[in-house]
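>>> Sequence first, predicted model second:
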Amino acid sequence: MFWHMVFKTVIRQKSKMLMIAFTVILGVSLSTAMMNVMLGVGDKVNRELKVYGANITVRHKDAALMNDLYGLNEGVGVNDKFLFEEDVLKLKTIFWGFNILDFAPMLEGKAVMNLPGKNSPAVDVKINGTWIAKHNTLSTGEELDTGLKALRTWWDVKGEWLNESRDDEVMFGNLLAEKSGVKIGDVIALNGRNFIVKGIFTDGGDADEEILMTLAAAQSVLKLSGKISSIEVSALTTPDNDLAKKAAQNPKSLSPDEYETWYCTAYVSAICHQIQEVIRDGVAKPVRQVAESEGTILNKTTLLMILITILSSIGSALAISNLITASVIERSQELGLLKALGAYNWQIALLVLVEVMITGLFGGIFGYFLGIGFAQVIGQTVFGSYIEIAQMVILIVGVILFFVTLAGSIPAIRYLMALKPTEVLHGK
């Protein structure tokens, strides 16, 4: 009898039930889309932010110490401290190796430049050797291309990038090129060795006054075979929390459980710690401006999506409340008759709740799949890739749907409790 009354009511008031279902569909679809994007957006946002360059720098421990204590970036104790090029590929062997997207070893130094065939004085210039786009094969058999070209996507380059397989080409920073009168195609000499100028780049920083060349060429010019000054690393990281900040100060202060949690989470401090385990004499430090910006933007993006989900849930609850209350008022004589025949308030309230829950369930199922579609549209439009569907969203959406429907039913139930059969049946 109970279920017969439920389904009869749903069919008889199909227009209002369809409106309730439509309201649920809108709310659930938006919540589903936002939560799937929120849970899958972390790596995608970080990948988008990689256009701003490396977020970790690895230097020799002594050079890093001189910089920390005295703010020195060059001179004795800094420029004469080197890492080993053969250690660079070990970056991909750490626990979070897959989170390291790009990296480039750097060798900085000074050389004497002159322009053959031109009456120009010899001058000291800063040179920087690196991998441009080097093809590597790891010990695991994995192949990857990495280098500065992937880390300097914002550079405005006139001419061409350097060819990794050639060691007789250079690129000039735009300020140095302007100061020295060098143009693309010119031949210059560095420490007596000739190079062709293939391009001029604009960095917007100190690099605009440098000469860029391949790492092999720089090692030859500076006579530092197999040596590098630093490594720039671009890694996907998780925003810092209190545990990460505590570990960054001193990993030994962590308890065993805290250490395991920290080590197995992609905090920038954890990745830096693991890099130091494989790079001899190396100290890895986050580039705070980049690392903190990534965390801030990701947190704000997540907060925005949570707010949208909350607001859509509140809107759905208000709409459902109005629709259910209108439906109950329209059925007041029917419900008053049930009371007159001996039905308890809780039985009538249960009847209304079951009707709404069934309608909300069908609307929720349809809204969930519609929300998955919205999530993919957002993923393709904003990030150019699909959003991975999180199974936990089903449970979260189900809980939200239950409480939103319940909250929307409260005004109607209160009306039912105060309903007097004599007034609705006899008009008194």
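Arrived safely.
>>> Tell me where the longest strand sits in this structure.
Across the chain, the longest stretch assigned as strand under DSSP state E is strand 100-114.
>>> Pull out the CA atoms of stretch 320-331 and give them to me as PDB.
C-alpha atoms of stretch 320-331 as PDB (Å, rounded to 0.1, in the frame of the first residue of the first chain):
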ATOM      1  CA  ILE A 320      14.000  21.700  -3.900                       C
ATOM      2  CA  SER A 321      12.500  23.300  -0.800                       C
ATOM      3  CA  ASN A 322      10.200  25.500  -2.800                       C
ATOM      4  CA  LEU A 323       9.100  22.700  -5.100                       C
ATOM      5  CA  ILE A 324       8.400  20.200  -2.300                       C
ATOM      6  CA  THR A 325       6.600  22.800  -0.200                       C
ATOM      7  CA  ALA A 326       4.400  23.800  -3.200                       C
ATOM      8  CA  SER A 327       3.700  20.100  -3.800                       C
ATOM      9  CA  VAL A 328       2.700  19.500  -0.200                       C
ATOM     10  CA  ILE A 329       0.400  22.600  -0.100                       C
ATOM     11  CA  GLU A 330      -1.300  21.300  -3.300                       C
ATOM     12  CA  ARG A 331      -1.800  17.900  -1.600                       C
END
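>>> Chain neighbours aside, what residue packs nearest to Gly27?
Distance criterion CB to CB, 6 or more residues apart in numbering; nearest residue to Gly27, sequence neighbours excluded, is Ser316 at 3.2 Å. (C-beta placed from N, C-alpha, C; glycine too.)
>>> Is it correct that Ile196 falls within a strand?
Yes. Assignment of Ile196 by DSSP: H, G, I helix; E, B strand; the rest coil places it within a strand.
>>> these two touch, right, it and Phe172?
No. Ile196 is beyond contact range of Phe172, at 11.3 Å (criterion: CB atoms under 8 Å).
>>> Which parts of the stretch 301-428 of the chain are helices?
For the stretch 301-428 of the chain, the helices defined by DSSP state H, counting those that start in this stretch occupy 332-340, 345-378, 392-418, 421-426.
>>> quick one on the thing from earlier: more neighbours: Ile196 and Phe172, which one.
Set Ile196 next to Phe172 and count neighbours by other CB atoms under 10 Å: Phe172 wins out with 28 against 13.
>>> Quick check, the more buried one in contact with Val197.
Yes. Between Phe172 and Val197 there is a contact under CB under 8 Å: 6.0 Å.
>>> Can you pull the residues that touch both of those two?
Taking CB atoms under 8 Å, 6 or more residues apart in numbering as the contact rule, Phe172 and Val197 both touch Val182.
>>> circling back: given the longest strand of the chain, what are its sheet partners and their directions?
strand 123-130 (antiparallel), strand 187-190 (antiparallel), strand 230-235 (antiparallel) (DSSP bridges).
>>> who wins for proximity to Leu212 among the helices of the stretch 301-428 of the chain?
Proximity to Leu212, assessed across the helices of the stretch 301-428 of the chain by CB to CB, is greatest for helix 345-378 (38.5 Å).
>>> Tell me how far the closest one lies from the chain's centre.
32 Å (CA atoms, centre = their mean, to the nearest Å).
>>> now stretch 138-152
Using CA atoms, centre = their mean, the offset of stretch 138-152 from its chain centre is 21 Å.
>>> quick one: contacts of that stretch?
Outside stretch 138-152, the residues within contact range by CB under 8 Å, 6+ apart are 53-54, 89, 92-93, 101-104, 130-137, 161, 164, 201, 203, 212, 232, 234.
>>> average model confidence for that stretch?
Mean pLDDT, stretch 138-152: 88.
>>> separation between Cys272 and Gly360?
Separation of Cys272 from Gly360 (CB to CB, to the nearest Å): 49 Å.
>>> try Asn55
Distance, Asn55 to Gly360, using CB to CB: 45 Å.
>>> Quick one: buried ones out of the contacts of stretch 138-152?
The neighbour-count test (16 or more other CB atoms under 10 Å) applied to these identifies 53-54, 89, 92, 101-104, 130-132, 134, 161, 164, 201, 203, 212, 232, 234 as buried.
>>> Contacts only, for Ala247.
For Ala247, the contact set (CB under 8 Å, 6+ apart) comprises Ser253, Leu254, Glu258, Tyr259, Trp262, Tyr267, Ser269, Ala270, His273.
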